[in-house]
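Student: Sharing a sequence plus its predicted fold:
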Amino acid sequence: MISDDPKKAIKFVAAFLPGFIGLGLASYLVDLRFGELAYAFISIAISVASFGIASLAMRQWRAKKRKSAQAVATAEIVLAYVVALVLGIFVSVAYDDDWVITAVNKIPFVSLTKTTQDHPLLYVLKKSFTCVAVRPIDARENNTLVYTKAMVRAIVKDYATVEGFIRVYPTELDPAQVFLSPACKIDGKKTTAIPGPGVLVQTENVIAWELIDATASECWKIHYGSKPPCLCPSEEVKDKYMARMNVERHEQQDKYQLCTADK
């Protein structure tokens, strides 16, 4: 319990505050989907780790400089807050890039994806943002699997079907809108380019979402011509896969290339 003594109460709060500030920064950077109990536990863990690291660092510095503990007390607190902010950023990156899920999936016969029953749409659309991110959610067999970035096709009620690359995806705070660019409008068998930067889609008006291989998209051909999309096979199959994909390309055609890290 918090002491009635104001000074002790302030020290008690200050001891746990770094973790909550660090995790608050992480929540600002990404959409953390932690429950209240998990949020509190992680915040306390960050606080403990921050003060532990700061205390160890200052103890070594104090011994080296022959300083008293009181002389470096303020510096130790400041360092703890700085460490908490760094750990908060680390948590946001680890959460956003699915480090834990990726590590678990390296275990043989284990295959997990991170989503929730309430917002699977947000998860899937975000995964379509890059070529590499699509791979964990693509369960096709080798004969139909294409290692390329997905274009998103939205069937909008009382309007038409639109297709394009996700440029702005929905979040927990604003789950209602998706921006596609470059984009096309599909009416039956006719596909035409949106004559502008793209199209803003209201998610509540979409009957169905489809993820389309860029290699099979008419919208890609309209905007990029004969230039093929980049591919992102895993390291284990990269050489054979790229050779197989390029063997059907004519000499006059551009060859498929590997996607860069941010694609």
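Tutor: All right, it came through fine. Numbers count the residues shown, from 1 in each chain.
Student: got a list of what residue 218 touches?
Tutor: 184, 186, 191 (C-beta atoms under 8 Å, 6 or more residues apart in numbering). For the C-beta atoms, the positions are set from N, CA and C on the backbone; glycine is no exception.
Student: Considering only helices and strands, which part of the chain has the lowest mean pLDDT?
Tutor: helix 99-105 (a mean of 70; mean pLDDT, DSSP states H and E).
Student: Mind giving me the packing neighbours of the helix or strand just after that helix?
Tutor: Next along the chain after helix 99-105, taking DSSP states H and E as the criterion, comes helix 120-127. Helices and strands touching helix 120-127, by 3 or more C-beta pairs under 8 Å, 6 or more residues apart in numbering; DSSP states H and E, are helix 131-134, strand 206-213.
Student: Can you tell me what sits against the longest one?
Tutor: The set of residues that contact strand 206-213 without belonging to it, under C-beta under 8 Å, 6+ apart, is 121, 124-125, 128, 134, 146, 148, 150-157, 163.
Student: Just the buried ones among these, please.
Tutor: 121, 124-125, 128, 134, 146, 148, 150-156, 163 (16 or more other C-beta atoms under 10 Å).
Student: Would you check which pair of those lies furthest apart?
Tutor: 146 and 156 (25.5 Å; C-beta to C-beta).
Student: Got phi/psi on residue 161?
Tutor: phi -100, psi 130 (degrees, to the nearest 10).
Student: hang on, the earlier thing: now the contacts of residue 218 as TSV including neighbour count, secondary structure and distance to residue 47?
Tutor: Below are the contacts of residue 218 laid out as TSV (neighbours: other C-beta atoms under 10 Å; DSSP: H, G, I helix; E, B strand; the rest coil; distance: C-beta to C-beta, whole Å):
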residue	neighbour count	secondary structure	distance to residue 47
184	26	strand	51
186	17	strand	53
191	16	strand	55
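Student: For residue 106, the count of nearby residues, please.
Tutor: By other C-beta atoms under 10 Å, 7 other residues sit near residue 106.
Student: could you measure it against residue 189, distance?
Tutor: 44 Å (C-beta to C-beta, to the nearest Å).
Student: So, low pLDDT: which residues of the stretch 151-263 of the chain?
Tutor: 171-175, 252, 261-263 (pLDDT under 70).
Student: Rebuild the contacts of residue 218 as JSON lines, extending it with distance to residue 95.
Tutor: Below are the contacts of residue 218 laid out as JSON lines (distance: C-beta to C-beta, whole Å):
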{"residue": "184", "distance to residue 95": "34"}
{"residue": "186", "distance to residue 95": "35"}
{"residue": "191", "distance to residue 95": "37"}
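Student: what's the closest of these to residue 18?
Tutor: Nearest member of the contacts of residue 218 to residue 18, counting by C-beta to C-beta, is residue 184, at 49.4 Å.
Student: where do the helices sit along this structure?
Tutor: Applying DSSP state H to the chain gives helices spanning 6-29, 36-65, 73-96, 99-105, 120-127, 131-134, 218-224, 238-246.
Student: As CSV, those with distance to residue 258 would be great.
Tutor: Listed next are these as CSV, based on distance: least, C-beta to C-beta, whole Å:
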stretch, distance to residue 258
helix 6-29, 29
helix 36-65, 37
helix 73-96, 23
helix 99-105, 20
helix 120-127, 19
helix 131-134, 9
helix 218-224, 17
helix 238-246, 7
